[in-house]
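1. quick check, what structure comes out for this input:
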Amino acid sequence: MAIHPAAIVHPQARIAESAEIGPYCVIGADVEIGARTRLLAHLYLDGPLIVGEDNIFYPYSTAGVASQDLKYHGEPAETIIGHRNRIREFVTIHRGTEGGGRITRIGDDNLLMAYAHVAHDARIGNHCVIGHGATCGGHVIVEDWVVVSAFSGIHQFCRIGRHAIIGGYSVITQDVMPFSNTTTPRETKTFGANRIGMERRGFPAPSVDAVNKALRLLTRAGLNTTQAIERIRAEVEPCAEVDELIEFIQSSERGVIK
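-> From the prediction side, this is the model:
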């Protein structure tokens, strides 16, 4: 087991033999670190925390620390981080709270860029990019293949649908529709489909076109949401992605950004 002599590892921590712990890392009790995960230097990890395999943590990031929620009073809560994630410098990941199920969860194959923040009870899916300085507030849900660009803020309890991209410096106060390209010029708006992202991930051209047409009806046709959904069902070629878009809108509790 490669643990640098300048690291401080609690005797109750569970570290895989193939993991690497660099200098000046502090690993608390009830922390589990999986195979081939690397902590480069100056990390602070507090438990209960489970970190999967093949992750890499860059210097000065923290995971599993207590929530900043003023309602948190030290009740047991945990953090779970999956596999093959890249956690860059100064990233902060906070444990869950009683009000959110007591768990913060990050999936697999994500990139969290420098200074990103994942707050209490947030859930980050798989294959996501959380840009420099971006903030995911408490209870936020980020579904798979989402890109949150630099310095964007996602309000508590918001949901970001699959394959969406959020432009830099955006302020997100409602749910972001799947497959959409959403940004803030002066106010946050959706500007059609995330065509490039969908094409890169192998969605067929008819599905990309259908999603783009559906989003245009939602955002540019001067219709309310109910009217737009009726037009989508009548005019847009049916596909699984359009069905997902409609289901996402109808299940939204905060409303969606149009």
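2. tell me the mean pLDDT over stretch 167-178?
-> For stretch 167-178, mean pLDDT is 94.
3. next, the buried residues of it.
-> Within stretch 167-178, the residues scored as buried using 16 or more other Cβ atoms under 10 Å are G167, Y169, S170, I172, Q174, D175, V176, M177, P178. All C-beta spots, glycine's among them, are computed from the backbone N, C-alpha and C.
4. and the third one, how far from I3?
-> Shown here: S170 relative to I3, a distance of 41 Å by Cβ to Cβ, to the nearest Å.
5. pull the longest helix seen in the chain out as PDB, backbone CA atoms only.
-> Of all the segments assigned as helix in the chain under DSSP state H, the longest by residue count is helix 205-220. Once non-C-alpha atoms are left out, helix 205-220 reads as follows in PDB (Å, rounded to 0.1, in the frame of the first residue of the first chain):
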ATOM      1  CA  ALA A 205     -30.100  12.200 -36.700                       C
ATOM      2  CA  PRO A 206     -34.000  11.800 -36.700                       C
ATOM      3  CA  SER A 207     -34.000  11.800 -32.900                       C
ATOM      4  CA  VAL A 208     -31.800  14.900 -32.800                       C
ATOM      5  CA  ASP A 209     -34.100  16.700 -35.300                       C
ATOM      6  CA  ALA A 210     -37.200  15.600 -33.400                       C
ATOM      7  CA  VAL A 211     -35.800  16.900 -30.100                       C
ATOM      8  CA  ASN A 212     -34.800  20.200 -31.700                       C
ATOM      9  CA  LYS A 213     -38.200  20.700 -33.200                       C
ATOM     10  CA  ALA A 214     -39.900  19.900 -29.900                       C
ATOM     11  CA  LEU A 215     -37.700  22.400 -28.000                       C
ATOM     12  CA  ARG A 216     -38.400  25.100 -30.600                       C
ATOM     13  CA  LEU A 217     -42.100  24.500 -30.100                       C
ATOM     14  CA  LEU A 218     -41.600  24.900 -26.300                       C
ATOM     15  CA  THR A 219     -39.400  28.000 -26.500                       C
ATOM     16  CA  ARG A 220     -40.100  29.900 -29.700                       C
END
